[in-house]
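S.K.: coordinates only, sequence not included:
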Ligand SMILES: Cc1cc2nc3c(=O)[nH]c(=O)nc-3n(C[C@H](O)[C@H](O)[C@H](O)COP(=O)(O)OP(=O)(O)OC[C@H]3O[C@@H](n4cnc5c(N)ncnc54)[C@H](O)[C@@H]3O)c2cc1C
């Protein structure tokens with residue numbers, strides 16, 4: 001309402017301006033004919049005339065009315081060069097800033113929420129270089145100033161930056177026009193003021209800041225490398241440190257395009273995912289699920305039974321699975337692909353030099369034009385007093401530590417309510433452990449929508465997991481041969497006995513022990529990189545868990561493409577890592593699969609959206625398999641079928657998500673999914689039905705009413 005009033009007031013002033021023929025005074029002819037009168041006012045009341053002129057100038061520019069150019073000339077004609085320049089310079093900047101603020105107030109949130117996704121690159125550019133762009137635009141008087149004011153108001157540039165850059169940037173052009181105004185009698189037309197030569201000079205002047213910025217970048221790079229002696233020639237095109245998902249894919253790409261690549265791994269080929277992460281956890285989940293289904297066999301018309309098993313055999317299967325996947329990431333495979341694989345600890349000693357302590361004992365130094373750091377992350381362990389006495393396991397140690405157990409731990413406390421904690425809690429509960437899961441926050445899986453977290457939480461509870469949210473771990477204690485975790489819950493201490501404590505509170509990037517300090521490479525929570533995945537040294541890149549912002553195998557592999565291509569071909573073209581469509585899945589039962597915006601995020605960020613839901617309890621295949629728990633939730637742009645995000649909770653959610661990922665990546669809307677044949681009866685049909693729900697909600701009711709009449713008429 002307030003906005004409408006402001007808009008109406010502006011429109012009224014604009015209409016009055018034209019109705020009262022004021023615009024005629026703001027032409028060259030009008031100015032010339034009225035000049036005598038204006039001069040007599042000025043000699044009678046100089047201050048008042050200057051004040052009135054200033055105010056009128058501010059109003060004309062603030063309301064984006066035509067006539068600012070003539071008023072600038074008037075400034076010169078009436079007040080002379082320097083006083084005119086002073087008045088016009090401030091009046092025009094204040095007026096421009098008011099126009100900018102009005103545009104921002106009235107339109108910015110609407111434009112950003114409607115086109116925010118498409119504007120994101122522009123927004124980023126403005127945040128980074130907005131002052132430079134504005135300066136260039138201001139210096140070149142060929143761009144209509146009123147448009148610059150209005151358009152800049154829609155971007156995220158700060159009002160103060162807009163003000164001072166405008167004031168400085170417009171000064172040269174203002175000077176030319178005010179000076180022309182001092183010669184008003186000789187002036188025949190407005191277009192004569194700016195000769196082509198003058199325009200070109202302004203354009204060059206306008207480009208100067210951008211060129212200066214490039215120069216500063218170049219000097220900064222020189223300074224970063226300043227204390228290092230660059231090798232005259234390099235042993236390798238690319239050295240990759242770490243052979244997890246990020247490192248393996250980087251090396252693969254390098255070798256595929258015939259670069260000479262060395263990949264160095266200090267520990268196990270395949271990194272976390274193969275040895276301690278995705279692969280063993282999914283193998284454990286499968287065994288736990290079979291045990292669960294045996295207990296639940298009645299649901300399928302079979303006799304339920306309590307699974308009898310040796311936990312040692314379950315763990316042996318997990319290690320067998322790792323061994324079966326191992327060849328995909330092995331030294332042999334990568335050697336055959338043309339990668340030189342070295343097993344040892346790598347250390348950066350210069351921006352182009354890596355020292356490798358080989359496992360066999362030898363140490364060697366290699367140089368490379370580019371280096372990719374793919375050193376991963378390790379489980380974060382909070383500094384709880386008592387941990388040394390009671391002991392604990394993490395996802396790194398559990399697979400070996402539990403390998404020799406005949407039975408799963410009787411009382412397992414899992415610290416952490418994120419995806420890893422949830423997957424492992426449920427699995428151990430299904431294998432017979434009495435699991436207590438402790439989370440400091442208000443709910444599990446904080447990143448997902450509350451209803452998603454609730455479904456997972458209920459499922460875990462159904463499996464016997466005791467979930468304690470808002471419980472902050474304080475310390476562990478060992479008393480009388482028994483271990484306890486002490487938590488704080490709303491000011492009270494809660495004591496939880498355990499046989500094993502599994503810490504799963506997140507994973508911290510590896511940032512020490514391989515030369516980052518020597519080179520002064522910046523780190524915050526992760527290794528700091530720019531959009532091209534370059535570190536402080538543009539020839540050293542970082543990918544995967546060590547770089548963030550995501551910690552998944554597929555995002556490490558995704559980044560690896562950008563880093564490898566930029567490292568090997570960046571002199572021709574560099575690519576910014578694209579994080580627009582990032583999917584992930586938590587492999588609990590039911591699975592939780594997500595891509596793009598969640599409903600919670602859309603609300604928090606005030607992004608207009610529509611939510612379409614489809615319950616899996618309606619799907620024929622889900623009914624046939626007695627697995628009806630879960631739903632599909634799709635967020636779309638209001639009134640359009642463009643997908644902003646999708647979340648699937650249920651059986652095979654991770655597999656189902658792929659269709660939405662593809663659709664989002666390639667700009668396909670729900671209509672396209674609806675128009676695609678899905679085999680009956682599959683789980684994938686659920687995606688089509690979700691699209692159908694959206695279609696139903698957007699049925700053209702009025703047209704359908706007419707159709708109904710038409711058919712009635714046809715029946716006679
Ligand atoms: C229990 C668990 C389950 C998971 N489940 C999934 C899942 O289902 N899906 C998913 O996408 N992600 C999952 N993840 C995450 C996934 O494992 C990681 O995101 C992925 O492994 C990251 O790959 P990376 O290449 O960045 O690092 P890593 O795989 O950690 O590899 C880094 C490698 O660098 C080596 N290294 C480090 N420093 C040096 C050095 N100085 N010299 C030589 N070598 C060095 C390390 O030894 C390591 O092998 C899971 C993680 C865990 C812990």
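M.R.: Everything's here; your move. Because the structure is a prediction, the values reported are computed rather than measured.
S.K.: what's the nearest residue to residue 365 if we skip its chain neighbours?
M.R.: Counting by CB to CB, 6 or more residues apart in numbering, residue 355 is the residue found nearest to residue 365 once chain neighbours are left out, at 5.1 Å. C-beta: built from backbone N, CA, C; applies to glycine.
S.K.: what about the one you found, is that helix, strand or coil?
M.R.: State at residue 355, reduced to three classes by DSSP: H, G, I helix; E, B strand; the rest coil: strand.
S.K.: doesn't residue 349 make contact with it?
M.R.: Yes: Residue 355 is in contact with residue 349 according to CB atoms under 8 Å; the separation is 4.9 Å.
S.K.: shared neighbours of those two, which are they?
M.R.: Listed contacts common to residue 355 and residue 349 are residue 365; contacts here mean CB atoms under 8 Å, 6 or more residues apart in numbering.
S.K.: quick one: buried residues of the host helix or strand of residue 173?
M.R.: When secondary structure is defined using DSSP states H and E, the element that contains residue 173 is helix 159-182. When neighbours are counted by 16 or more other CB atoms under 10 Å, the buried residues of helix 159-182 are found to be 162-163, 165-182.
S.K.: Please name the bridge partners of the residue nearest to residue 365.
M.R.: Residue 355 has the following beta-bridge partners by DSSP bridges: residue 347, residue 365.
S.K.: got a pLDDT number for it?
M.R.: What the model reports for residue 355 is a pLDDT of 98.
S.K.: what about it, distance to the ligand?
M.R.: The span separating residue 355 from the ligand equals 10 Å under the rule CB to the nearest ligand atom, to the nearest Å.
S.K.: Neighbours of that residue, how many?
M.R.: Residues within reach of residue 355, counting by other CB atoms under 10 Å, total 17.
S.K.: contacting residues for it?
M.R.: If a contact means CB under 8 Å, 6+ apart, then residue 355 has 346-349, 363-365 as its contacts.
S.K.: Turn the residues you listed into a markdown table, columns for pLDDT.
M.R.: Formatted as a markdown table, the entries for these read as follows, by pLDDT from 0 to 100:
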| residue | pLDDT |
| --- | --- |
| 346 | 98 |
| 347 | 98 |
| 348 | 98 |
| 349 | 97 |
| 363 | 97 |
| 364 | 97 |
| 365 | 97 |
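S.K.: From those, keep the buried residues only.
M.R.: Among these, those scoring as buried are 346-348 (criterion: 16+ other CB under 10 Å).
S.K.: which among these gets closest to residue 218?
M.R.: Sorting those by distance to residue 218 puts residue 348 at the head of the list, at 23.1 Å, by CB to CB.
S.K.: Quick check, the closest one in contact with residue 356.
M.R.: No: counting by CB under 8 Å, residue 356 is not a contact partner of residue 348; they are 10.8 Å apart.
S.K.: I'd like the average pLDDT over the host helix or strand of residue 98.
M.R.: Here residue 98 is covered by helix 81-103, with elements defined by DSSP H and E. Helix 81-103 shows an average pLDDT of 93 in the prediction.
S.K.: among the contacts of residue 355, which are within reach of the ligand?
M.R.: Among those, the residues lying close to the ligand (CB under 6 Å from any ligand atom) are residue 346.
S.K.: pLDDT score assigned to the residue of the stretch 351-500 of the chain found nearest the ligand?
M.R.: Nearest residue of the stretch 351-500 of the chain to the ligand, counting by CB to the nearest ligand atom: residue 376, 2.2 Å away. pLDDT for residue 376: 98.
S.K.: same thing with residue 125?
M.R.: Looking at residue 125, the pLDDT reads 73.
S.K.: just residue 494 next, same as before
M.R.: We note a pLDDT of 97 for residue 494 in this prediction.
S.K.: The helix or strand encompassing it - which strands sit beside it in the sheet, and in what orientation?
M.R.: Element membership of residue 494 [criterion: DSSP H and E] is strand 492-498. According to DSSP bridges, strand 492-498 forms sheet pairs with strand 482-489 (antiparallel).
S.K.: Look at residue 435 and tell me its secondary structure.
M.R.: strand.
S.K.: you'd agree it is up against residue 461?
M.R.: No: with contact defined as CB under 8 Å, residue 435 does not reach residue 461; the gap is 10.5 Å.
S.K.: Fine by me, we can end here.
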